[in-house]
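Trainee: pasting the structure only:
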């Protein structure tokens, strides 16, 4: 538990440092970004988005105007020479705009200077940043796709190398590399960059991603060597499982294409490219599977294989390959990294050949071992979430979908064969796992210590933007565990679990999207995943359950409650960032999807869905729950049509949404009793959460939900659909105290029950004794992480002014908490909402960032009055930017 507390302390301290240091920045523009990234290279968009925030601590601080200069010379920007775009002075408080200048050129680095004018019309100090264009089209690639001459069944991973000599003095260099499969890139013996599991997984026969690296410092005058090792990833899935990725239509031996573009000091260009002058050999990675594990035989190492002096006379020639798709685009997103190194909490030695290491927490990632032993010693590293009673690792909760043909591919078990020379080290390159325990089993005696093994928490390295802290330690641990599960399931796309499946289950993705966006800057990951959706969508509009997929998931249950990701994700991105690009990109796909559901529905109702998955005990009507998500999609489509000025679409889909709502209420709602369906928690809460309830009946339905929760012993009785809705439905409708009791309940069933039983991540099943659906690191019940911000901290989105341009602050001073703090760094800066009981009253502190406003609603407390900065005020107040103190006494 000490390690858990320490990790939580470090996590909280990280946020504290961010939020303490933020106000010290001088007034002016800050955090200049292009495509939501800081100083990115390899941009493909011909009209990239530029964004910033304004830092100004003065009350009422507002951006009155902005001006942007873009040019190819940072010095020239100051003198306003060499400009390719001058926006002119624009009277606007917008802080997200689209480049509208002269055509941007591939490979060119552009600098942009931002000038702002404050609320008084006075200029603030300017700021400068940069972005660099990438390929901007397949026609600009010089390299050829290459591979070795082996087929999909060959297990060892291939090495590739080439020696080259720059002709002149080097000014700068960029490496552009695309792969089908996974790669690690090396220059002169050193790995390039710190990305893991690149490139991100896509539908390989429809879209491939390339990454860009600044490799100027990696090169030298004289002979250089470039090396590449390829892993299978999802491209060549050799492991067997129920998802049939071994039968994916794209499956082939991994391949890559590389352009190493060197700019010399005289301005000339040279491109070192992949082609028929490269050589290849098999590597010591004798097997690698993204799904199961990696096997490494150190006896097969070729020391210095990626250096210029290595003798490659015994290596073979390569084979040329066609590009996997005709859509090679830049990977402009936060990459996967080894984000956190985790020391072992404890080690148990069974004998000289068997050890079990405990990290003290459940993670996704890899382990790294350092060990000495005899040549040929075979070491197996079994990664598990659980232990048997005898202390050995138990994989029975996560290996259930693995279908191995023999014992050569054990689940989550790395194999390391020693070469017998000194201390040896192994960490897999092309795999990750979900685990807390690592059992090391050796074929010969070895001596291990706690320090012999470390683990790395791997995930998409999205910046943290949210924090909560409260007087209830259980709530704090639950928030931390929720974030652990979210990150454990973020690998270039949201997944369900990091061990048993690693699939991009659509439902899990949209159930947790708000939790993700309140806590992390996830826009680049979600934009990529929506590209995967568009790639996978059938011509008739249908989407599969899991995205990407090798073909599995186009069944009968892949309906609205799951695949509404196509609408819900881009709508949430628009709400959180005020950025409508993803909604625009998905517009036709949402329309196609809705048209399919409309064409197959009967009387504006549909049974196309999976239902309230893994409920505690009560079930809900499938037609009811699926039809609600049908309504949600139609409503989003109508709003999008209005936003983009598509009048005919707006009229059609707003009318469709109303008809769906009317049909739901006609069949499932008893207006006299205020009951939906059988009156279980999921049915009542979904109607409230998704605005199905007629306004006149809203409070009656909410009161019925509160009564139902009490009748259920003040415990939840929901599955995934109800878990998304129930807390919000209560706290938004006058029952925040009951919502908090549900959220903080520490007995079965509930989120807190997991925590008091030692969980450091969210589970897949409420029942700890269940025999199926029992992953210990699942995100599908993760809405609670967002609810902390909304339901207690009260930080909510104003749909009329998205991106937190106007913030709705509706805190709830719930019974059972003495204080609560929530902070979220949105597009305009830090929003904070913090309350504390003082005597018989409450003090409420809040921060509204510059260039935004807030609508504050203080809950009414009998016998108490509201004071703002010492002066009595009403319960609803409109505020400009600044820091404020409310006293409720």
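Mentor: Ah, there it is. From a predicted model like this one, the values you see are computed outputs, not experimental measurements.
Trainee: how about the residue positioned nearest the centre of the chain, phi and psi?
Mentor: Among the residues of the chain, the one closest to the centroid is residue 490, at 4.4 Å (CA atoms, centre = their mean). Main-chain torsions, residue 490, degrees, to the nearest 10: phi -130, psi 100.
Trainee: got a list of what it touches?
Mentor: Applying CB atoms under 8 Å, 6 or more residues apart in numbering to residue 490 gives the contacts 459, 460, 462, 516, 522, 525. Backbone N, C-alpha and C define where each C-beta goes, glycine included.
Trainee: Next one, pLDDT for the last one please.
Mentor: So the one you mean is residue 525. Per-residue pLDDT puts residue 525 at 98.
Trainee: Chain neighbours aside, what residue packs nearest to it?
Mentor: Computed as CB to CB, 6 or more residues apart in numbering, the closest residue to residue 525 that is not its neighbour in sequence is residue 460, at 5.3 Å.
Trainee: how about the contacts of residue 490 in a markdown table, adding secondary structure, distance to residue 270 and neighbour count?
Mentor: What follows is the contacts of residue 490, written out as a markdown table (DSSP: H, G, I helix; E, B strand; the rest coil; distance: CB to CB, whole Å; neighbours: other CB atoms under 10 Å):
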| residue | secondary structure | distance to residue 270 | neighbour count |
| --- | --- | --- | --- |
| 459 | strand | 37 | 28 |
| 460 | strand | 34 | 25 |
| 462 | coil | 36 | 22 |
| 516 | helix | 43 | 30 |
| 522 | coil | 38 | 29 |
| 525 | helix | 35 | 22 |
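Trainee: Any chance of those in TSV with distance to residue 297 as columns?
Mentor: Output for the contacts of residue 490, formatted as TSV (distance: CB to CB, whole Å):
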residue	distance to residue 297
459	29
460	31
462	36
516	39
522	39
525	35
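Trainee: ok, now how distant is the residue lying closest to residue 62 once chain neighbours are set aside from residue 488?
Mentor: Setting aside the residues directly before and after it, residue 62 is nearest to residue 119 in space (CB to CB, 6+ apart), at 4.1 Å. Taking CB to CB, to the nearest Å as the measure, residue 119 falls 44 Å from residue 488.
Trainee: Specify which residue of the two has the higher count of neighbours.
Mentor: Neighbour totals were compared for residue 119 and residue 488, and residue 488 leads with 26 against 18 (other CB atoms under 10 Å).
Trainee: Would you confirm that that one contacts residue 385?
Mentor: No: in this structure, residue 488 is not within contact of residue 385 by CB atoms under 8 Å, at 10.9 Å.
Trainee: Kindly point out which residues are neighbours of both of those two.
Mentor: Common neighbours of residue 488 and residue 385, using CB under 8 Å, 6+ apart, are 362, 434, 777.
Trainee: Distance to residue 200, neighbour count and pLDDT added to these, as CSV?
Mentor: Shown next, in CSV, are those (distance: CB to CB, whole Å; neighbours: other CB atoms under 10 Å; pLDDT from 0 to 100):
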residue, distance to residue 200, neighbour count, pLDDT
362, 24, 26, 98
434, 19, 28, 98
777, 20, 29, 98
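Trainee: out of these, which are inside helices?
Mentor: Within the shared contacts of residue 488 and residue 385, no residue falls in helices by DSSP state H.
Trainee: Let's see which of the residues you listed end up in strands.
Mentor: Residues of these located in strands (DSSP state E): 362, 434.
Trainee: in the stretch 201-350 of the chain, which spans are strands?
Mentor: Ranges of strands within the stretch 201-350 of the chain are 208-214, 224-231, 255-264, 269-273, 279-282, 285-288, 294-297, 316-317, 319-321, 328-330, 336-343, 346-351, based on DSSP state E, counting those that start in this stretch.
Trainee: Of those, give the one that comes closest to residue 65.
Mentor: Residue 65 lies closest to strand 328-330 among the strands of the stretch 201-350 of the chain, at 32.1 Å (CB to CB).
Trainee: Let's see the distance spanning stretch 756-771 from one end to the other.
Mentor: The straight-line separation of the ends of stretch 756-771 (CA to CA, to the nearest Å) is 20 Å.
Trainee: now do stretch 479-498
Mentor: Where stretch 479-498 starts and where it finishes are 19 Å apart, if you go by CA to CA.
Trainee: got it, and stretch 175-194?
Mentor: One end of stretch 175-194 to the other measures 14 Å (CA to CA).
Trainee: so for it, what's the average pLDDT?
Mentor: 98.
Trainee: Give me the buried stretch members for it, please.
Mentor: 175-189, 192-193 (16 or more other CB atoms under 10 Å).
Trainee: Pull the distance from that stretch to the chain's centre.
Mentor: Here stretch 175-194 shows a centroid-to-chain-centroid distance of 23 Å under the convention CA atoms, centre = their mean, to the nearest Å.
Trainee: do the same with stretch 395-412
Mentor: The answer for stretch 395-412 is 27 Å, by CA atoms, centre = their mean.
Trainee: helix or strand right after the helix or strand harbouring residue 66?
Mentor: Using DSSP states H and E, residue 66 falls within strand 65-71. Sequence order places helix 74-79 as the next helix or strand after strand 65-71, per DSSP H and E.
Trainee: hmm, who's touching the helix or strand just after that following helix?
Mentor: Remark: after helix 74-79, the chain's next helix or strand is strand 83-86, criterion DSSP H and E. Here strand 83-86 makes contact (CB under 8 Å, 6+ apart) with 67-72, 76-77, 80, 99-102, 104, 110.
Trainee: So which of these is the closest to residue 612?
Mentor: Set against residue 612, the nearest of the contacts of strand 83-86 by CB to CB is residue 99 (45.2 Å).
Trainee: quick one: that closest one from residue 45, how far?
Mentor: Per CB to CB, residue 99 is found 8 Å from residue 45.
Trainee: just residue 724 next, same as before
Mentor: Residue 724 is 33 Å from residue 45, by CB to CB.
Trainee: ok, now residue 62?
Mentor: To residue 45, residue 62 is 29 Å away according to CB to CB.
Trainee: got it, and residue 118?
Mentor: Distance of residue 118 to residue 45, computed by CB to CB: 30 Å.
Trainee: residue contacts, the closest residue to residue 93 other than its chain neighbours?
Mentor: In this structure, residue 93 finds its nearest non-sequential neighbour in residue 63, 4.8 Å apart by CB to CB, 6+ apart. With contact set as CB under 8 Å, 6+ apart, residue 63 has these partners: 54, 92, 93, 95, 116, 117, 118, 850, 851.
Trainee: From the contacts of strand 83-86, list the buried ones, please.
Mentor: The neighbour count (16+ other CB under 10 Å) marks 67, 68, 69, 70, 71, 72, 77, 99, 101, 104, 110 as buried among the contacts of strand 83-86.
Trainee: By pLDDT, give me the weakest of those residues.
Mentor: Ranked by pLDDT, the buried ones among the contacts of strand 83-86 bottom out at residue 77 (90).
Trainee: Enumerate every residue touching that one.
Mentor: Neighbour list for residue 77: 69, 71, 83, 111, 112, 113, 128 [criterion: CB under 8 Å, 6+ apart].
Trainee: 10 Å - rerun?
Mentor: Residues near residue 77 by CB atoms under 10 Å, 6 or more residues apart in numbering: 69, 70, 71, 83, 110, 111, 112, 113, 126, 128.
Trainee: Please identify which two of these are farthest apart in space.
Mentor: Between any two of the contacts of residue 77, the greatest separation by CB to CB is 16.1 Å, found for 110 and 126.
Trainee: what's the burial count for residue 217?
Mentor: Residue 217 has 11 neighbours, counted by other CB under 10 Å.
Trainee: which residues touch it?
Mentor: 170, 172, 173, 187, 190.
Trainee: And residue 620, by the same measure?
Mentor: By CB under 10 Å, 6+ apart, residue 620 lies in contact with 611-612, 628, 668, 676-678, 680-684, 686, 718-719, 721-722.
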